[in-house]
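[1] Sequence isn't available, so here's the structure alone:
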């Protein structure tokens, strides 16, 4: 849970970051939120437990299993490679974010 949320959300984010094209391809799965997701974003740069501003908005519609592709700007690319990016899911009850997944880019 994020920002004092009392729910127990579950889920995960999987994706690919192409360092040649700067394309971020993502799949986001979640359950057990207080209500529908109203907004979703990639945030950073931030280490685990730190908050940061929006790097990339994730377009709706918002539902578990949502997927898509976005182009990372240089700041986002650096934050991704440094492990300082997270996905935040925002709901009506927790408009600052109810669920968070820190992104780790590996080989």
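    In hand now; what should we look at? Because the structure is a prediction, the values reported are computed rather than measured.

[2] Isn't residue 27 up against residue 58?
    No. When contacts are counted by C-beta atoms under 8 Å, residue 27 is not listed as touching residue 58 (11.3 Å). From N, CA and C alone the C-beta is placed, and that goes for glycine too.

[3] tell me, what's touching the two both at once?
    residue 66 (C-beta atoms under 8 Å, 6 or more residues apart in numbering).

[4] The two - which one has more neighbours?
    residue 58 (21 against 14; other C-beta atoms under 10 Å).

[5] spatially speaking, which residue is in the middle of this protein?
    The geometric centre of the chain, computed from its C-alpha atoms, lies nearest to residue 87 (C-alpha atoms, centre = their mean), at 1.3 Å.

[6] This structure: strands as residue ranges?
    For the chain, the strands defined by DSSP state E occupy 10-18, 23-31, 37-43, 54-58, 66-71, 85-91, 99-103.

[7] Kindly reformat the ones you listed as CSV and extend each row with mean pLDDT.
    Shown next, in CSV, are the strands of the chain (pLDDT from 0 to 100):
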stretch, mean pLDDT
strand 10-18, 93
strand 23-31, 96
strand 37-43, 96
strand 54-58, 96
strand 66-71, 97
strand 85-91, 95
strand 99-103, 92
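
[8] Please indicate which of those has the most neighbours on average?
    Of all the strands of the chain, strand 85-91 has the most neighbours on average by mean count of other C-beta atoms under 10 Å, namely a mean of 24.

[9] So which elements touch that strand?
    With contacts taken as 3 or more C-beta pairs under 8 Å, 6 or more residues apart in numbering; DSSP states H and E, strand 85-91 sits against strand 23-31, strand 37-43, strand 99-103.

[10] angle of that strand against strand 10-18?
    Strand 85-91 and strand 10-18 are oriented at 140 degrees to each other (axes from the mean of the first three to the mean of the last three C-alpha atoms, to 10 degrees).

[11] re earlier: I'd like to know which of the helices and strands packed on strand 85-91 is closest to residue 74.
    strand 23-31 (13.1 Å; C-beta to C-beta).

[12] returning to that earlier point: which one of the helices and strands packed on strand 85-91 lies closest to residue 76?
    For the helices and strands packed on strand 85-91, the distance to residue 76 is smallest for strand 37-43, at 6.7 Å, taking C-beta to C-beta.
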